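>>> here is the input, now give the coordinates:
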Amino acid sequence: MKAPEFIETERLILRRPHLLDAEAIFTRYAGDPEVTRYLGWPRHKSIEQTRGFLAFSNDEWERAPGGPYIIESRETNAVLGSTGFGFEVIDRAAVGYVLAKDAWGFGYAAEALRALTAISPEIGVSYLFAYCHTEHKASARVLEKCGFILEGILPCHTEFPNLEGSGKKDVLCYSREFNKEFP
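Modelled structure (predicted):
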């Protein structure tokens, strides 16, 4: 079963990204050093890198039950950030989110993540997980608000290419399980 390519919440639209989104993605969040600080992918230094992400996104949507979503404001249609699924196997997926700086603090990340968790059982996902840098307290709060449980700290697990220093860093591992009969 495929995830819907368009989801509406009270304040947001989550939709499959398109090539025409490249400039907004690059300027709103993917090229911003502060926004990308705790992300596991390198900050985009050119619009070509953003176009590469869009090709990756399209491939994910073709190979898996879902993929990345653009987060837009229902009121203004402005791109606020992105979220989405990263499937390991058909019923197990990572989730994540990133928001433009001017969209921080309004509850958009939690609203978008709740939309993903709501559709997860419908598309056959039984286990969602997310990794969070141990110092990224705001992201940890979003996960906890959305019913994710802290499984523990994974030592030397993930590279954060936008942080000073090299090598893999410790991450908090959060998860949420869904009983296929009782989500």
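>>> alpha carbons only for contacts and neighbour counts from here, please
Fine.
>>> which helix in this structure runs the most residues?
Across the chain, the longest stretch assigned as helix under DSSP state H is helix 47-63.
>>> hmm, who's touching stretch 126-135?
38, 91-96, 117, 120, 139-140, 148, 169-180 (C-alpha atoms under 8 Å, 6 or more residues apart in numbering).
>>> check stretch 141-156 too.
Under C-alpha under 8 Å, 6+ apart, the answer for stretch 141-156 is 109-110, 113-114, 129, 167-176.
>>> who wins on neighbours among those?
Highest neighbour count within the contacts of stretch 141-156, by other C-alpha atoms under 10 Å: Ala109, with 26 neighbours.
>>> following element in sequence after the one helix or strand that one maps to, please.
Element membership for Ala109 (DSSP states H and E) is helix 108-119. Once helix 108-119 ends, the next helix or strand along the chain (criterion: DSSP H and E) is strand 127-133.
>>> and that next one, which strands flank it?
Looking at strand 127-133 with DSSP bridges, its partner strands are strand 92-99 (parallel), strand 168-177 (antiparallel).
>>> would you turn those strands into JSON lines with mean pLDDT and distance to Ser46?
Listed next are the strands paired with strand 127-133 as JSON lines, based on pLDDT from 0 to 100; distance: least, C-alpha to C-alpha, whole Å:
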{"stretch": "strand 92-99", "mean pLDDT": "97", "distance to Ser46": "18"}
{"stretch": "strand 168-177", "mean pLDDT": "96", "distance to Ser46": "25"}
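>>> with Leu20 as the reference, name the closest of these.
strand 92-99 (18.5 Å; C-alpha to C-alpha).
>>> hmm, who's touching that closest one?
For strand 92-99, the surrounding residues in contact (C-alpha under 8 Å, 6+ apart) are 29, 35-36, 80-88, 109, 113, 125-130.
>>> thinking again about what came up before, buried sites along the longest helix of the chain?
Ile47, Gln49, Thr50, Arg51, Phe53, Leu54, Ser57, Asn58, Glu60, Trp61 (16 or more other C-alpha atoms under 10 Å).
>>> thank you kindly, that will do.
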